[in-house]
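Undergrad: Structure, please.
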Amino acid sequence: MKLSIVAVGDKVSTWAEMAGAEYIRRMPREARVEIVAVKPEKRAGLPVEQVKAVEAARLLERCPKGALRVALDEHGRQVSTLELAELLAGWLQSGRDVAFFIGGADGLDAALLAQVDMRLALSRLTLPHALARVLLTEQLYRAASLLAGHPYHRG
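TA: Model (predicted):
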């Protein structure tokens, strides 16, 4: 099974790149994580909805075929780490790849949100793009650790 983080933004700070890479390195073989960077659309006076639509098309284009599609959205379902671990366990059991979509500066397109399989919120707070990537990779690692009975998860 592969977990793909398909994210708008092709330039990420070194600290975020290193932090995400560390959690990805720690993931078990049966739940590999990859970051798929998608080029953001240049605003150049374009309406926000048009920018989001172009970025949504790019996200869908880079989404692995047949993957369960999960949008990270502040209005999505909030889950605890234990609930994320339960979701991960189900995904692992199904063997189906999972793609997590992270939008650009303006968020995700409404049409894309309408067609995903699930909407999850990392937080109700608006997070910087790089921090959202790091937070997601860390929580995926924590969920995998919990499933494996590893002491990394403490509560």
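Undergrad: how about low-confidence regions in the chain?
TA: Along the chain, segments meeting pLDDT under 70 span 152-155.
Undergrad: Closest to the centroid, which residue in it?
TA: residue 100 (3.4 Å; C-alpha atoms, centre = their mean).
Undergrad: Report the contact partners of it.
TA: Contact analysis of residue 100 by C-beta atoms under 8 Å, 6 or more residues apart in numbering lists 3-7, 70-72, 120, 136. No exception for glycine: its C-beta is placed from N, CA and C like everyone else's.
Undergrad: Burial check on residue 29, number of neighbours?
TA: Here the count is done by other C-beta atoms under 10 Å, and residue 29 has 6 residues near it.
Undergrad: thinking again about what came up before, beyond whatever helix or strand the residue nearest to the centre of the chain lives in, next helix or strand please.
TA: In this assignment (DSSP states H and E), residue 100 forms part of strand 98-102. Using DSSP H and E, the helix or strand that follows strand 98-102 towards the C-terminus is helix 110-115.
Undergrad: Buried ones in that following helix, by neighbour count?
TA: 112-113 (16 or more other C-beta atoms under 10 Å).
Undergrad: What is it packed up against?
TA: Here helix 110-115 touches helix 48-62, strand 68-78, going by 3 or more C-beta pairs under 8 Å, 6 or more residues apart in numbering; DSSP states H and E.
Undergrad: These into a markdown table, with extra columns for mean neighbour count and distance to residue 126?
TA: Formatted as a markdown table, those follow (neighbours: other C-beta atoms under 10 Å; distance: least, C-beta to C-beta, whole Å):
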| stretch | mean neighbour count | distance to residue 126 |
| --- | --- | --- |
| helix 48-62 | 18 | 15 |
| strand 68-78 | 18 | 7 |
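Undergrad: export those to TSV and tack on distance to residue 114?
TA: Shown next, in TSV, are the helices and strands packed on helix 110-115 (distance: least, C-beta to C-beta, whole Å):
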stretch	distance to residue 114
helix 48-62	10
strand 68-78	10
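Undergrad: Pull the longest helix seen in the chain out as CSV, backbone CA atoms only.
TA: Using DSSP state H to define each element, the chain has its longest helix at helix 129-148. Written as CSV, here are the backbone C-alpha positions of helix 129-148 (Å, rounded to 0.1, in the frame of the first residue of the first chain):
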residue,chain,number,x,y,z
HIS,A,129,1.4,24.5,3.7
ALA,A,130,4.8,23.1,4.8
LEU,A,131,3.5,22.6,8.4
ALA,A,132,0.5,20.7,7.1
ARG,A,133,2.8,18.3,5.2
VAL,A,134,5.0,17.7,8.3
LEU,A,135,2.0,17.3,10.6
LEU,A,136,0.4,14.8,8.3
THR,A,137,3.6,12.7,7.9
GLU,A,138,4.1,12.8,11.7
GLN,A,139,0.5,11.7,12.4
LEU,A,140,0.7,8.9,9.8
TYR,A,141,3.9,7.7,11.5
ARG,A,142,2.3,7.9,14.9
ALA,A,143,-0.8,6.0,13.7
ALA,A,144,1.5,3.3,12.2
SER,A,145,3.4,3.1,15.5
LEU,A,146,0.2,2.8,17.4
LEU,A,147,-0.9,-0.1,15.2
ALA,A,148,2.5,-1.8,15.7
